[in-house]
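S.K.: pasting a predicted model and its sequence here:
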Amino acid sequence: MKLLIFGTGLFYENRKVQLKEIYSDLEIIGFVDNNTYSSVKDGLDVYHPNNISELEFDFIILMSKSADDMKKQLISIGIEKKKIKTWDDVLDDRNGVEVRLYGANSFGAGHRNMLVISPFLGYSGVPIVSVYIAEVMEEQGINVTIVSTGGDYHFIQEMVKQGHNVVIYPKLNRGFDTEIYWLSQFDYIFVNSFVMLEAIEYISKYRHVFWWLHEASYYVKRTLSENPYSASKINLKNTSIFAVSNIAKENLNGVIETERIGLLPYGIPDKDIEESRFDEKRKIVFAIIGTIEERKAQDIFINAALTIDSGAAEFWIIGATTDNVLESEISQMANVYENIKILGELSRKKMEEAYEHIDVLVCPSREDPFPVTVTEALMYGKPVIVSEKVGQADYLQDGINGFICQSGSVESLSEKMKQVISNKGLLKYIGQSARKLYEEQFTLKHFAHNLQDIILQKK
């Protein structure tokens, strides 16, 4: 089977091993990308969509969160609809493939068992938090199994090495059948994310389910457009609903009565850290960490950086991208100022090393319900600058344990950065206050206590 892959970014990288498992006879003949500044990928040519009509291929696989736009583009240039497959279509082709089990996958006799249903398992917020649920519940003597439609191979292997059970079930959110009869073997079912809406619709008919919501408004709207009737079919009497922050809660306004939604902020593991030592003689390092996308506002970060004296600070952009056009635009903006450095996606180990040099974490997002990177910075005792559209802003006191800027405003972020630069001596104390906030609100101990309270209410 000859395939073209439309998309060369992280979306494809996280799924290419699974793609080869699904299509054992595949032959990738090339890649397609609207931005062809890189003409080769994995040793194969990268084509602009306008240049593929003469190529011989069986299917073109859309590997991006922008699959709908890609599909429209391909149809508009004459590619037959039957030759275009989304990632969901690929998963449908795997219907006959067995459920894949990783880890011990055993149920402890005399112990309680919990199922955590998560979106695609990879190095992003919701899957990482799913692992934290497993960690804190297993410490309470509850056996936890995490199930998902798919996952990054390396992420899954890390989970297994940590002792977690993982089930990969491609049809999980696309209709249920007897293959998951084992739902009845779990005492608790925890569905992590609004995008698992179809799973909630099905499970709530038969079992009580805990539903934990994290999504920005864009993902809520997209999920509802794909499943317009699912929300109305949920058995709310059988569903306990929680949001990670007030922002995530308000995003469900009009979908679910917000008074039914409780708050459940997550906790993260404490790392062995030394208190941050800041040398007032060197440049301050401001860093923005997260997937390069409009919502994360890297453009606001760069434009604010351009207002800062070059001798005062460096500006790091860390994160992968699923949008090569936006990545190119960000790179062009950054190239005009030598103090802006684009570091790309870093492994967990490299990220921990980077934090040793980062002085201030910046999260000016246009909307971000509760980003893990901000909580990590608090844990490391790093001052943070966040917009009021970031969930953690509810816990911050401006100028005391962090800084709050106005979302979408270059001037507001620039003002906060200049405030930091002009008051370097205060960074140590603000960092200590940030660390105190983590210890009071966001440790795994606090998270475990909150989860236990929720579960006990339904005993």
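M.R.: The structure has been received and is ready for your questions.

S.K.: in this protein, which helix or strand is least confident?
M.R.: strand 100-102 (a mean of 70; mean pLDDT, DSSP states H and E).

S.K.: who does the following helix or strand past that strand pair up with?
M.R.: Proceeding N to C from strand 100-102, the next assigned helix or strand is strand 112-117, under DSSP states H and E. Strand 112-117 pairs in its sheet with strand 142-148 (parallel), strand 188-192 (parallel), by DSSP bridges.

S.K.: okay, the next helix or strand after the last one in PDB with CA atoms only?
M.R.: Next along the chain after strand 188-192, taking DSSP H and E as the criterion, comes helix 197-203. Provided in PDB are the C-alpha atoms of helix 197-203 (Å, rounded to 0.1, in the frame of the first residue of the first chain):
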ATOM      1  CA  LEU A 197     -17.400  12.500  25.300                       C
ATOM      2  CA  GLU A 198     -18.600   9.400  23.500                       C
ATOM      3  CA  ALA A 199     -17.100   7.200  26.200                       C
ATOM      4  CA  ILE A 200     -18.900   9.100  28.900                       C
ATOM      5  CA  GLU A 201     -22.200   8.800  26.900                       C
ATOM      6  CA  TYR A 202     -21.800   5.000  26.800                       C
ATOM      7  CA  ILE A 203     -20.400   4.300  30.300                       C
END
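
S.K.: rounded mean pLDDT for helix 197-203, please.
M.R.: For helix 197-203, mean pLDDT is 82.

S.K.: and the closest residue to Phe194 other than its chain neighbours, which of the three is it?
M.R.: Distance criterion Cβ to Cβ, 6 or more residues apart in numbering; nearest residue to Phe194, sequence neighbours excluded, is Glu215 at 4.5 Å. From N, CA and C alone the C-beta is placed, and that goes for glycine too. Following DSSP: H, G, I helix; E, B strand; the rest coil, the label given to Glu215 is coil.

S.K.: what do you get for the one 10 residues further on?
M.R.: When states are read from three-state DSSP, the local structure at Ser225 comes out as helix.

S.K.: swap in Val167?
M.R.: strand.

S.K.: I figured it hits Gly150, correct?
M.R.: No: taking Cβ atoms under 8 Å as the definition, Val167 is not a contact partner of Gly150, at 11.2 Å.

S.K.: the two: which is more packed in?
M.R.: Gly150 (26 against 19; other Cβ atoms under 10 Å).

S.K.: pLDDT score assigned to that one?
M.R.: 81.

S.K.: tell me, how many residues neighbour Asp453?
M.R.: 10.

S.K.: mind telling me what element it is part of?
M.R.: Going by DSSP H and E, Asp453 is part of helix 444-457.

S.K.: dump the C-alpha coordinates for that helix into CSV.
M.R.: Coordinates of the C-alpha atoms in helix 444-457 are reproduced here as CSV (Å, rounded to 0.1, in the frame of the first residue of the first chain):
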residue,chain,number,x,y,z
LEU,A,444,0.6,14.9,45.0
LYS,A,445,-0.4,14.7,48.7
HIS,A,446,-3.0,17.4,48.2
PHE,A,447,-4.1,15.8,45.0
ALA,A,448,-4.5,12.3,46.6
HIS,A,449,-6.5,13.8,49.5
ASN,A,450,-8.9,15.5,47.0
LEU,A,451,-9.3,12.4,45.0
GLN,A,452,-10.0,10.3,48.1
ASP,A,453,-12.7,12.8,49.1
ILE,A,454,-14.3,12.5,45.7
ILE,A,455,-14.3,8.7,45.7
LEU,A,456,-15.5,8.4,49.3
GLN,A,457,-18.5,10.5,48.5
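
S.K.: of all the residues in it, which ones are buried?
M.R.: Within helix 444-457, the residues that count as buried by 16 or more other Cβ atoms under 10 Å are Leu444, His446, Phe447, Ala448, Asn450, Leu451, Ile454, Ile455.

S.K.: gap between the nearest residue to Gln392 once chain neighbours are set aside and Glu139?
M.R.: Once flanking residues are discounted, Gln392 sits nearest to Val374: 4.8 Å by Cβ to Cβ, 6+ apart. In this view, Val374 and Glu139 are 25 Å apart by Cβ to Cβ, to the nearest Å.

S.K.: same thing with Gly267?
M.R.: 12 Å.

S.K.: overlap in contacts, these two.
M.R.: Counting by Cβ atoms under 8 Å, 6 or more residues apart in numbering, the shared contacts of Gly267 and Glu139 are Ala448.

S.K.: tell me which of these two has more neighbours.
M.R.: Gly267 (24 against 11).

S.K.: pull the contacting residues for Leu444.
M.R.: Tyr132, Glu135, Val136, Gly267, Ile268, Pro269, Asp270.

S.K.: the first one: what's it in contact with?
M.R.: Each residue near Tyr132 by Cβ under 8 Å, 6+ apart is listed here: Tyr266, Gly267, Ile268, Pro269, Leu444, Phe447.

S.K.: and the helix or strand harbouring it with helix 444-457, angle?
M.R.: According to DSSP H and E, Tyr132 maps onto helix 125-139. Helix 125-139 runs at 80 degrees relative to helix 444-457, counting by axes from the mean of the first three to the mean of the last three Cα atoms, to 10 degrees.

S.K.: which of the residues in helix 125-139 are buried?
M.R.: For helix 125-139, by 16+ other Cβ under 10 Å, it's 125-138.

S.K.: ditto for stretch 16-25
M.R.: So for stretch 16-25, counting by 16+ other Cβ under 10 Å, buried means Lys16, Gln18, Leu19, Ile22, Tyr23.

S.K.: now, which of those residues lie within helices?
M.R.: Lys16, Gln18, Leu19, Ile22 (DSSP state H).

S.K.: what's near enough to touch the second one?
M.R.: The reference is to Gln18. Per Cβ under 8 Å, 6+ apart, neighbours of Gln18: Gly150, Gly151, Tyr153.

S.K.: list the contacts of the last one.
M.R.: Taking Cβ under 8 Å, 6+ apart, we find Tyr153 in contact with Val17, Gln18.
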